[in-house]
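# Any chance you can model this:
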Amino acid sequence: MNLARRQQQSNVWDPFREFQDLSDRLNRIFQPNAQNQSGEGEQAMKVFDWAPAVNISETDKAYLVKVDLPEVKKEDVKLTHEDGVLTIEGERRQEKRDDGEKYHRVESSYGRFLRRFTLPDDAQEETINATFKDGALSVTIPKAATKTPKARQITVG
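Residues are numbered from 1 along each chain as shown. Now for the predicted structure:
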């Protein structure tokens, strides 16, 4: 599983970070995994508004994928696997307020999201399980038992 994501370290305005954010958004619009095959074989482009942070770890028995989904309801998350790819998609909805509150800065992202990860060869796709608690999705992907190669003598006839 591959994951590369930069982390923001401080609250100081950084013009280069702004350019990187713009670049990231443009890349998400045009990246190949944002395409969806429809039933008629047409490809429709989907634009996703944000990408939740993901941590992927591994033990001797399983892979663990943790996704930060604050303010997302369990019903708004869809988890699928097909052809060795784990797909996590959903939506974070923004609350509508008419109480005269003025926002000076909004850094939270809202809208649709989609994350896809290629599963390793030793993943047992049929036994993947997931839990959702306190705004965090945890996906456990058990590993298949490894076969130890056995050496045997082959006689030449």
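# Please count neighbours and contacts with C-alpha atoms only from this point.
Will do.
# Show me where the protein has its helices.
Counting by DSSP state H, the chain has helices at residues 15-30.
# Let me see the domain layout of the protein.
10-47, 49-94+108-145 (automatic domain parsing).
# and stretch 141-153, average pLDDT?
Stretch 141-153 carries an average pLDDT of 81.
# what's the distance between that stretch and the middle of its chain?
Chain-centre distance of stretch 141-153: 30 Å, with Cα atoms, centre = their mean, to the nearest Å.
# Show me which positions of that stretch end up buried.
By neighbour count with 16 or more other Cα atoms under 10 Å, stretch 141-153 contains the buried residues I141, P142, K143.
# Can you dump the C-alpha atoms of it in PDB for me?
The C-alpha trace of stretch 141-153 is given here as PDB (Å, rounded to 0.1, in the frame of the first residue of the first chain):
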ATOM      1  CA  ILE A 141      -7.100  -6.600   6.400                       C
ATOM      2  CA  PRO A 142      -5.900 -10.000   7.600                       C
ATOM      3  CA  LYS A 143      -2.800 -11.500   6.000                       C
ATOM      4  CA  ALA A 144      -2.900 -15.000   4.400                       C
ATOM      5  CA  ALA A 145      -0.800 -17.600   6.100                       C
ATOM      6  CA  THR A 146       2.600 -17.700   4.400                       C
ATOM      7  CA  LYS A 147       3.600 -21.000   2.900                       C
ATOM      8  CA  THR A 148       7.200 -22.000   3.700                       C
ATOM      9  CA  PRO A 149       8.800 -23.300   0.600                       C
ATOM     10  CA  LYS A 150       9.800 -27.000   0.800                       C
ATOM     11  CA  ALA A 151      12.900 -28.200  -1.000                       C
ATOM     12  CA  ARG A 152      12.700 -31.700  -2.500                       C
ATOM     13  CA  GLN A 153      15.100 -33.800  -4.500                       C
END
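# ok, the residue nearest to the spatial centre of the chain to V106 distance?
By Cα atoms, centre = their mean, the chain has its centre lying nearest to R115, at 3.1 Å. In this view, R115 and V106 are 23 Å apart by Cα to Cα, to the nearest Å.
# would you list every one of the strands in the protein?
35-37, 43-45, 54-58, 62-68, 77-82, 85-92, 111-118, 129-133, 136-142 (DSSP state E).
# Hmm, I88 and the residue nearest to the centre of the chain touching each other?
Yes - if you go by Cα atoms under 8 Å, R115 and I88 touch, sitting 5.2 Å apart.
# Show me what L64 bridges to in the sheet.
Taking DSSP bridges as the rule, L64 bridges to S57, T140.
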